[in-house]
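Undergrad: Pasting a predicted model and its sequence here:
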Amino acid sequence: MNQYSVIKGVGYTLAITPDMVLHNGTTQTVERERNNESEYLKNITSHIRSYEDAVNYIPNQIYIGNEKPELLDEMEFPWYDKKFDGSEKGKFGDIIPEDEFYGLLQICDVFELVKLEEKFSCEVKAKMEKSILGEERASVLDKNGGTSVENLEELVKEEAAAPLYFEGKLVGAIKRAHEIDVNLSAHVMTENLVAKASSVLSILYMLKNNSIEPAEIEYVIDCCEEACGDMNQRGGGNFAKAAAETAGLKNATGSDTRGFCAAPAHAIVQAASLVRAGTYKSVIVTGGGCSAKLGMNGKDHVKKNIPILEDAIAGFAVLITENDGVSPIIRNDVVGRHTVGTGSSPQDVLTSLVTSPLESVGLTLKDVDKYAPELQNSDITKPAGAGDVAAANYKMIAALGVKKGQLDRKDINDFVIQHGMKGWAPTQGHIPSGVPYLGFAREDLMAGKIKRIMIIGKGSLFLGRLTNLFDGISFLIESNPGIEEKKETYNETEIKEIIANAMLKLANEILSE
């Protein structure tokens with residue numbers, strides 16, 4: 001197993017952006033377009049959480065690594081109303097407030113599209129100099145300079161710029177990059193800069209927390225759900241190289257992989273294969289968050305009189321390298337694939353993604369300690385009528401085990417408890433799809449607590465209106481058996497030559513006596 005690549009480190013970050021919920025989330029912007037005086041828009045502000053409440057929210061603490069997923073098993077549901085003392089500093093990454101995130105947007109902007117109010121810019125710069133971004137990156141806020149509120153208002157009203165609000169006040173704007181091209185509109189540029197910024201933040205924490213030098217990184221694969229380009233190459237990319245530049249990965253190149261919610265799993269398989277092939281020694285897979293999905297289920301949350309829980313921009317970064325003999329290995333030779341001919345029934349999907357790849361190497365469902373499919377936070381999905389997404393996946397896997405004769409029907413609940421987990425990830429499309437578990441899995445695999453996990457990515461290709469197909473890919477991760485010494489092999493001619501040389505050496509030693 002020496003040839004397998006390994007998961008060397010992870011990074012997870014959250015930016016709490018309540019004002020962006022109101023002004024950038026698609027549910028809210030569409031509602032404002034249809035009926036600006038709707039009851040929903042009148043009531044939504046009273047359902048916005050404070051930064052402190054969002055930081056102390058248990059699923060957010062789990063996302064950045066301060067608490068284990070098992071904590072949710074011990075807590076009464078729902079979780080949003082439970083008192084908890086958390087920290088914005090996490091083992092895998094940090095939670096940052098909205099004002100710092102706006103500063104990060106400007107740091108990630110190389111075309112001077114992000115404008116910030118002068119006083120606000122100075123205050124943010126002072127905070128960011130002390131953050132992981134550092135003084136050099138924070139100096140960008142000085143170079144771009146601040147502007148007045150009057151100028152910001154003019155940009156929004158006269159030049160179709162996207163406003164940036166903080167605590168209800170206009171503090172910035174993102175200009176369009178082209179007067180006609182809708183692909184470079186202020187709306188699209190905002191979404192793309194949000195994705196880039198959250199990706200950069202996660203990369204920086206991954207490097208710092210795992211003591212990785214930026215110069216070691218050779219390739220980056222971005223797997224977010226946005227698309228950057230212009231009218232001549234819509235979605236041409238390249239988020240990966242753009243993020244690598246801001247993160248200071250001077251020896252890296254990169255490209256983008258897209259697959260809706262399944263994209264992270266696709267990207268990790270690609271990265272593992274590139275490293276195993278020897279093409280690159282170290283590859284980062286990263287995905288920034290999605291501003292369009294902020295407050296996506298807000299209407300249902302307001303109706304049920306609970307807070308707007310989709311108030312965070314999430315990001316992640318995973319480093320995949322050559323085998324170090326310690327870190328968990330990625331079995332990219334055991335891959336489940338939802339093919340064109342698979343079918344769309346839950347049974348067909350899970351057969352292709354779970355049982356088929358396991359059976360190909362003589363494993364059963366019970367041989368996998370933990371499965372990580374769609375780890376959606378049920379605090380968010382249940383009030384919206386989507387139920388417990390994670391639990392539904394585990395029950396379907398168990399039911400398939402019963403059909404395969406690997407489980408008794410009476411053991412379904414035990415299987416779900418033993419091999420599953422409750423979801424804690426923000427509903428940001430690709431973010432929940434298996435990857436939030438990688439940090440915990442890496443620790444437990446290296447500690448010998450578990451031996452094998454399966455990451456399951458599933459996507460909805462029909463959202464693109466080009467096909468009705470689903471999508472999916474899965475792969476195994478196992479504890480590292482250690483690097484064995486390489487056994488040299490020789491052909492017949494080489495063996496004869498070795499014997500002859502040994503005999504000649506022995507003869508010379510005898511004659512010299």
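TA: That came in fine, so what should we check first? Numbers count the residues shown, from 1 in each chain.
Undergrad: for the residue sitting nearest the centre point of the chain, phi and psi?
TA: Taking C-alpha atoms, centre = their mean, the centroid of the chain lies closest to residue 316, which sits 3.8 Å from it. Residue 316 adopts backbone torsions of phi -150, psi 160, taken as degrees, to the nearest 10.
Undergrad: cool, residue 377 as well?
TA: The phi/psi pair for residue 377 (degrees, to the nearest 10) reads phi -70, psi 110.
Undergrad: quick one on the thing from earlier: who is the residue nearest to the centre of the chain paired with across the strands?
TA: Going by DSSP bridges, residue 316 is paired in beta bridges with residue 12, residue 287.
Undergrad: just checking, it touches residue 14?
TA: No. In this structure, residue 316 is not within contact of residue 14 by C-beta atoms under 8 Å, at 10.2 Å. Quick note: C-beta positions are derived from backbone N, CA and C, even for glycine.
Undergrad: before we move on, back to that, show me what contacts the residue nearest to the centre of the chain?
TA: Shown in contact with residue 316 (C-beta atoms under 8 Å, 6 or more residues apart in numbering): 10, 11, 12, 13, 202, 264, 286, 287, 431, 435, 436.
Undergrad: repeat that for 7 Å
TA: For residue 316, the contact set (C-beta atoms under 7 Å, 6 or more residues apart in numbering) comprises 11, 12, 202, 286, 287, 431, 435.
Undergrad: and if you look at residue 482?
TA: By C-beta under 7 Å, 6+ apart, the neighbours of residue 482 are residue 325.
Undergrad: how about 8 Å then?
TA: Applying C-beta under 8 Å, 6+ apart, we find residue 482 in contact with 325, 326.
Undergrad: do residue 252 as well
TA: 217, 218, 219, 220, 241, 244, 284.
Undergrad: from those, which is closest to residue 498?
TA: Distance to residue 498, by C-beta to C-beta, is smallest for residue 218 among those, at 37.8 Å.
Undergrad: So that closest one versus residue 244, what's the distance?
TA: Relative to residue 244, residue 218 is positioned 10 Å away (C-beta to C-beta, to the nearest Å).
Undergrad: Are there residues contacting both of the two? Which ones?
TA: Counting by C-beta under 8 Å, 6+ apart, the residues touching both residue 218 and residue 244 are 252, 253.
Undergrad: of all the contacts of residue 316, which two lie farthest apart?
TA: Distance extremes for the contacts of residue 316: the farthest pair is 11 and 431 at 13.0 Å, using C-beta to C-beta.
Undergrad: Look at residue 218 and residue 244 and report which has more neighbours.
TA: Taking other C-beta atoms under 10 Å, residue 218 and residue 244 do not tie; residue 244 has more neighbours (26 against 19).
Undergrad: and residue 339, how many neighbours does it have?
TA: For residue 339, the count of nearby residues is 9 (other C-beta under 10 Å).
Undergrad: Surely it is within a strand?
TA: No. Counting by DSSP: H, G, I helix; E, B strand; the rest coil, one finds residue 339 to be coil, located in no strand.
Undergrad: Please give me every residue in contact with it.
TA: Per C-beta under 8 Å, 6+ apart, neighbours of residue 339: residue 352.
Undergrad: Kindly list the longest helix within this structure.
TA: Ranked by number of residues, the top helix in the chain under DSSP state H is helix 186-209.
Undergrad: what mean pLDDT does that helix have?
TA: In this model, helix 186-209 has a mean pLDDT of 98.
Undergrad: Which positions within that helix qualify as buried?
TA: Neighbour-count burial for helix 186-209, counted by 16 or more other C-beta atoms under 10 Å, picks out 186-207, 209.
Undergrad: before we move on, what about stretch 375-388?
TA: 375, 376, 377, 378, 379, 380, 381, 382, 383, 384, 388.
Undergrad: how much space between the fifth one and residue 129?
TA: Read it as residue 379. 35 Å.
Undergrad: One more: residue 448?
TA: Using C-beta to C-beta, residue 448 is found at 42 Å from residue 129.
Undergrad: export the buried residues of stretch 375-388 to JSON lines and tack on distance to residue 21?
TA: JSON lines is the format used below for the buried residues of stretch 375-388 (distance: C-beta to C-beta, whole Å):
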{"residue": "375", "distance to residue 21": "22"}
{"residue": "376", "distance to residue 21": "18"}
{"residue": "377", "distance to residue 21": "16"}
{"residue": "378", "distance to residue 21": "20"}
{"residue": "379", "distance to residue 21": "16"}
{"residue": "380", "distance to residue 21": "13"}
{"residue": "381", "distance to residue 21": "17"}
{"residue": "382", "distance to residue 21": "19"}
{"residue": "383", "distance to residue 21": "16"}
{"residue": "384", "distance to residue 21": "15"}
{"residue": "388", "distance to residue 21": "24"}
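Undergrad: from those residues, which is closest to residue 347?
TA: Closest to residue 347 out of these is residue 388 (19.5 Å), distances taken as C-beta to C-beta.
Undergrad: what's the next secondary structure element after the longest helix of the chain?
TA: Downstream of helix 186-209, the first helix or strand assigned by DSSP states H and E is strand 219-222.
Undergrad: next one: that following strand to chain centre, how far?
TA: Computed by C-alpha atoms, centre = their mean, to the nearest Å, the chain-centroid distance of strand 219-222 equals 12 Å.
Undergrad: same check, this time on stretch 465-480
TA: 15 Å.
Undergrad: Determine how far the last residue of it lies from the first.
TA: 42 Å (C-alpha to C-alpha, to the nearest Å).
Undergrad: List the buried residues in that stretch.
TA: Neighbour counts using 16+ other C-beta under 10 Å place 469, 470, 471, 472, 473, 474, 475, 476, 477, 478, 479, 480 of stretch 465-480 among the buried residues.
Undergrad: Please identify which helix or strand holds the third one.
TA: Right, residue 471. With DSSP H and E as the criterion, residue 471 is inside strand 470-478.
Undergrad: Let me see the ranges of the strands in the stretch 201-350 of the chain.
TA: For the stretch 201-350 of the chain, the strands defined by DSSP state E, counting those that start in this stretch cover 219-222, 253-256, 282-287, 312-321, 329-337.
Undergrad: just the ones you listed: most buried one?
TA: Among the strands of the stretch 201-350 of the chain, strand 282-287 has the highest mean neighbour count (mean count of other C-beta atoms under 10 Å), at a mean of 30.
Undergrad: Look at residue 448 and residue 129 and report which has more neighbours.
TA: Using other C-beta under 10 Å, the more surrounded residue of residue 448 and residue 129 is residue 129, with 16 against 8.
Undergrad: looking at it, that one is touching residue 136, isn't it?
TA: No. The pair residue 129 / residue 136 is not scored as a contact, 9.2 Å apart, by C-beta under 8 Å.
Undergrad: Tell me who's in contact with residue 337.
TA: Residue 337 touches 352, 353, 472, 473, counting by C-beta under 8 Å, 6+ apart.
Undergrad: Any chance of those in TSV with distance to residue 419 as columns?
TA: Listed next are the contacts of residue 337 as TSV, based on distance: C-beta to C-beta, whole Å:
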residue	distance to residue 419
352	19
353	15
472	18
473	19
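Undergrad: out of these, which one sits closest to residue 22?
TA: Nearest member of those to residue 22, counting by C-beta to C-beta, is residue 472, at 34.4 Å.
Undergrad: Which strand residues bridge that closest one?
TA: residue 458.
Undergrad: ok, it - contacts?
TA: Taking C-beta under 8 Å, 6+ apart, one finds 262, 265, 336, 337, 338, 349, 352, 353, 456, 457, 458, 459 in contact with residue 472.
Undergrad: One more pass at 7 Å, please.
TA: For residue 472, the residues meeting the contact criterion (C-beta under 7 Å, 6+ apart) are 262, 338, 349, 352, 353, 457, 458, 459.
Undergrad: helix/strand/coil for residue 386?
TA: Per three-state DSSP, residue 386 ends up coil.
Undergrad: Against residue 312, how distant is it?
TA: 18 Å.
Undergrad: Mind picking out the helix or strand in the protein with the poorest mean pLDDT?
TA: helix 492-512 (a mean of 71; mean pLDDT, DSSP states H and E).
Undergrad: if I look at residue 305, how far off is residue 57?
TA: 17 Å.
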